[in-house]
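[1] Below are the sequence and a predicted model; questions follow.
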Protein chains: 2
Amino acid sequence: MDERTTLTPTSDPAEIERRLAAIPLPQAMETQRSIRRVLSDPVDDVVLRPLIRLALEAPTGSNGQNWEFIVVRDAAVRRSLAGQYRRAWKLYGGIGRRIIRGKPDEEQMLRIMRSVQWQVDHFEDVPVLVVCCLSGGHGRVPFVPNPPNANSMHYGSIYPSVQNLLLGARAIGLGASLITLPLWSTLFARRVLGLPLSVEPCCIVALGWPRGRYGPKPRKPTEEVVHLDSYGNRGWMSERS
Amino acid sequence: MDERTTLTPTSDPAEIERRLAAIPLPQAMETQRSIRRVLSDPVDDVVLRPLIRLALEAPTGSNGQNWEFIVVRDAAVRRSLAGQYRRAWKLYGGIGRRIIRGKPDEEQMLRIMRSVQWQVDHFEDVPVLVVCCLSGGHGRVPFVPNPPNANSMHYGSIYPSVQNLLLGARAIGLGASLITLPLWSTLFARRVLGLPLSVEPCCIVALGWPRGRYGPKPRKPTEEVVHLDSYGNRGWMSERS
C-alpha cells in the first residue's frame, strides 16, 4: 500500500471499521503527522465514536481513568477558543520566528509555522475540537508532600490517550493535530467550556478531513537520543534496525 | 485471532517484524494492559530497536523531538532504582490501600496493588528499563511569562512517544508497564543515570517477557467521560458504537 494514500471523507460505519482494522500498528505511527489544514466539512459522530473508544483504552495512573473529553462542535465555543489561540500565537509565534532565525532547521521550522499560521487563521472553521481534560487535581494525596515528579505522573494519565486518538484519526484518514495554545489561559478555557475547578483542560485535538495528507516525516537519528545505562553513553543502536 | 494469544519470547528479527506488521491498530490498543509480572530472562536489542524506532515517530511540541531515552540494563543501576521504588511504594502504597478501603472498585484496585507489589519486590530482576526523559526545561521561553498550561505543553512531548513504545511492546508480546514512582526523587534519578540538569527523567517503561498475558481490561462507559460543547452536557455517545 502506498504510504501516502489519501483517504476520502466518509461517514459509512463499515468503511470506518475497515480502515481501522486495515492499518498495521507501525504504519499508523510511521505516517502519523500533524495535519493542521483541514476542510470545514462536517465530521460525523460515526467517525468520532471509534476514536473516543480507542482513546479510552489507554493506560492511566493507578488505572484512575480520570479523563474527561469535551467534544466541541458549537460555533460560538470554537470562536472563543480561536480568539485565545490568536492571542497566544501573536506572542509565542513572534518569539518562535526570532528564535529559529539562522538555525540549521530554520526551513523546516518555518514550514511548521506557516501551517500553524493557517490553523490560527482558520480555527473557527475546524469542524471538531476534542478538549482532553484531567479531573481530580494532579493526583494529589492529602497530607503527603507531592514527590518532585508529581507533574509528570499527572500528565502521564492523559497523553497516552491523546496519542491513541491521534493514531485512530490517522487510520481513518481524518486530519488531526495536537495543540495546547488555545488553552494557554486555563481560567478562560474553564469558563468557555463550563469546566469545574476540579477539571483541568490539558490539550486540544483539532479534527477535520484533511487538505494535506499523511506520510513519513523527518526524524532525528536514533543514536542522538538513546543512551545505554548512563547519559552520554552512546553506542547502543549504532546498528540501524 | 484469539485476543488473549500468548506470544512466546523471541529474538528473531523476522519474527519481530512479522508480529509488528500483523497487529491492527485497534487490536493493539484494546488488548494493551500493564504487565508488571515479567521474567528475568534477557530481552535482546533486536526486540528493543523497533520499539525505540516507533517511539521516535510520535509528535512533540513544535516538532522539538526533545526526548532522550536511557536504556538501562546494568544491574547496579536497576538495583538503585529498585530501592527508590521500594521507598516510594512504602509511603504511597500504604496510603493507597487506606484510600480504596470500602470503595466500589476496591477489589479491582487491590488486584492492581498486588501486581505493583510484585513489581516492587522483583524490580531488580526486570531485565530492561527504558527511562524516558525530556531535555530543555519545560519549553520555557526566556523573558516571557509561562502560560498557565506550560506543564501540560511540556509533558505532551513525551507521553505520546511512551504510548508508541507501550503499543509496540504489546504488538511484539513483550510485557510492559508505565511507572513513575522509582523516579519520585528527580535529584536521585539524575545522579544514578548521569543526567545533566537540563534533562528531566519523566517515567520508566519496564520491559520483560511476560508471566501474564495481554487482553481486554475493564473500562468506564464512554458516556461517563464525554461531554458535548460544555461540561456536564451528556447525550453524545449515548448510542453505543
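    That came through fine.
[2] Give me the phi and psi angles of the residue nearest the centre of chain A.
    With distances taken as CA atoms, centre = their mean, A:L178 lies nearest the centre of chain A, 2.2 Å away. Phi and psi for A:L178, reported as degrees, to the nearest 10, are phi -100, psi 120.
[3] Just list the residues touching it, thanks.
    By CB atoms under 8 Å, 6 or more residues apart in numbering or on different chains, the contact list for A:L178 reads A:S34, A:V162, A:L166, A:C203, A:I204, A:V205, B:P59, B:G156, B:P160. Placement of C-beta: from N, CA and C, glycine included.
[4] ok, 7 Å please
    A:L178 is in contact with A:S34, A:V162, A:L166, A:C203, A:V205, B:P59, B:G156, counting by CB atoms under 7 Å, 6 or more residues apart in numbering or on different chains.
[5] What's opposite it in the beta bridge?
    A:V205 (DSSP bridges).
[6] so how far is B:L54 from it?
    Here the criterion is CB to CB, to the nearest Å. By it, A:L178 lies 17 Å from B:L54.
[7] do A:V199 as well
    32 Å.
[8] Do the longest helix along chain A and chain B come into contact?
    Ranked by residue count under DSSP state H, the longest helix found in chain A is helix A:75-100. Yes - using CB under 7 Å from any CB of the partner chain, helix A:75-100 reaches chain B at A:V77, A:A88, A:L91, A:Y92, A:I95.
[9] Same list, those residues, but as CSV with pLDDT and neighbour count please.
    Shown next, in CSV, are the residues of helix A:75-100 next to chain B (pLDDT from 0 to 100; neighbours: other CB atoms under 10 Å in any protein chain shown):
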residue, pLDDT, neighbour count
A:V77, 97, 19
A:A88, 95, 20
A:L91, 90, 15
A:Y92, 87, 18
A:I95, 86, 14
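[10] Which residue, neighbours along the chain excluded, lies closest to A:L51?
    Nearest residue to A:L51, sequence neighbours excluded (CB to CB, 6 or more residues apart in numbering or on different chains): A:G168, at 4.4 Å.
[11] now swap in A:D41 and tell me
    Nearest residue to A:D41, sequence neighbours excluded (CB to CB, 6+ apart): A:W209, at 5.6 Å.
[12] What residues does the one you found make contact with?
    Counting by CB under 7 Å, 6+ apart, A:W209 touches A:P9, A:V38, A:L39, A:D41, A:V43, A:L174, A:G175.
[13] from the residues you listed, which would you call buried?
    Among the contacts of A:W209, those scoring as buried are A:P9, A:V38, A:V43, A:L174, A:G175 (criterion: 16 or more other CB atoms under 10 Å in any protein chain shown).
[14] got the CA positions of stretch A:192-203 in CSV?
    These are the backbone C-alpha positions of stretch A:192-203, laid out as CSV (Å, rounded to 0.1, in the frame of the first residue of the first chain):
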residue,chain,number,x,y,z
VAL,A,192,-15.9,28.8,27.9
LEU,A,193,-16.3,25.0,28.4
GLY,A,194,-18.1,25.2,31.7
LEU,A,195,-15.4,23.1,33.5
PRO,A,196,-15.4,22.9,37.3
LEU,A,197,-12.2,23.8,39.1
SER,A,198,-11.5,20.1,39.6
VAL,A,199,-11.2,19.5,35.9
GLU,A,200,-8.1,20.7,34.1
PRO,A,201,-8.1,21.3,30.3
CYS,A,202,-4.8,19.8,29.1
CYS,A,203,-4.8,19.9,25.3
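[15] right, quick check: that stretch against chain B, any contact?
    Yes - Stretch A:192-203 comes into contact with chain B (CB under 7 Å from any CB), by way of A:L193, A:G194, A:L195, A:P196, A:V199, A:C202, A:C203.
[16] Where does the third one sit: helix, strand or coil?
    In other words, A:L195. At A:L195, secondary structure determined by DSSP: H, G, I helix; E, B strand; the rest coil is coil.
[17] Excluding chain neighbours, what is closest to it?
    Counting by CB to CB, 6+ apart, the residue nearest A:L195 is B:Y231, at 4.8 Å.
[18] Confirm the one you found sits in a strand?
    No - counting by three-state DSSP, B:Y231 is not found in a strand; it is coil.
[19] how about the helices of chain A, start to end?
    In chain order, chain A shows helices spanning A:13-22, A:25-30, A:45-55, A:75-100, A:106-121, A:150-155, A:159-172, A:186-193, with DSSP H as the criterion.
[20] Quick one: those helices as a markdown table, columns for distance to B:L183 too.
    Shown next, in a markdown table, are those (distance: least, CB to CB, whole Å):
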| stretch | distance to B:L183 |
| --- | --- |
| helix A:13-22 | 35 |
| helix A:25-30 | 25 |
| helix A:45-55 | 26 |
| helix A:75-100 | 29 |
| helix A:106-121 | 31 |
| helix A:150-155 | 8 |
| helix A:159-172 | 17 |
| helix A:186-193 | 26 |
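[21] Name the stretch among those that sits most buried.
    Most buried of these by mean neighbour count (mean count of other CB atoms under 10 Å in any protein chain shown) is helix A:159-172; its value is a mean of 27.
[22] Which strands or helices does it pack on?
    helix A:13-22, helix A:25-30, helix A:45-55, strand A:128-135, strand A:175-179, strand A:199-208, helix B:25-30, helix B:159-172 (3 or more CB pairs under 7 Å, 6 or more residues apart in numbering or on different chains; DSSP states H and E).
[23] and the gap between A:P50 and B:G94?
    Relative to B:G94, A:P50 is positioned 40 Å away (CB to CB).
[24] To clarify, my last question referred to A:R33.
    A:R33 is 45 Å from B:G94, where distance means CB to CB.
[25] So what's the residue count around A:S198?
    12 (other CB atoms under 10 Å in any protein chain shown).
[26] Double-check it against A:G136; I have them as touching.
    Yes - with contact defined as CB atoms under 7 Å, A:S198 reaches A:G136; the gap is 6.2 Å.
[27] before we move on, the earlier item: buried subset of the residues of stretch A:192-203 next to chain B, written for ChimeraX?
    ChimeraX command restricting the residues of stretch A:192-203 next to chain B to the buried ones, with burial defined by 16+ other CB under 10 Å:
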select /A:193,195,199,202,203
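[28] Save the residues of stretch A:192-203 next to chain B as CSV, and put in distance to B:V131 too.
    As requested, these are exported to CSV (distance: CB to CB, whole Å):
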residue, distance to B:V131
A:L193, 35
A:G194, 39
A:L195, 33
A:P196, 35
A:V199, 31
A:C202, 23
A:C203, 24
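[29] Just the pLDDT for the residue lying closest to A:D74 once chain neighbours are set aside.
    Distances taken as CB to CB, 6+ apart place B:D229 nearest to A:D74, at 4.2 Å, with adjacent residues excluded. B:D229 carries a pLDDT value of 92.
[30] how many neighbours does B:D229 have?
    20.
[31] again with A:I70
    28.
[32] who are the neighbours in contact with it?
    So A:I70 contacts A:V131, A:C133, A:L193, B:H227, B:Y231 (CB under 7 Å, 6+ apart).
[33] what separates A:V205 from A:R78, distance-wise?
    Distance from A:V205 to A:R78, by CB to CB: 14 Å.
[34] what's the answer for A:N149, then?
    According to CB to CB, A:N149 and A:R78 sit 35 Å apart.
[35] What of A:L39?
    From A:L39 to A:R78 the distance is 15 Å (CB to CB).
[36] Am I right that A:R37 is in contact with A:R211?
    Yes - shown here, A:R37 and A:R211 form a contact pair, counting by CB under 7 Å, at 4.1 Å.
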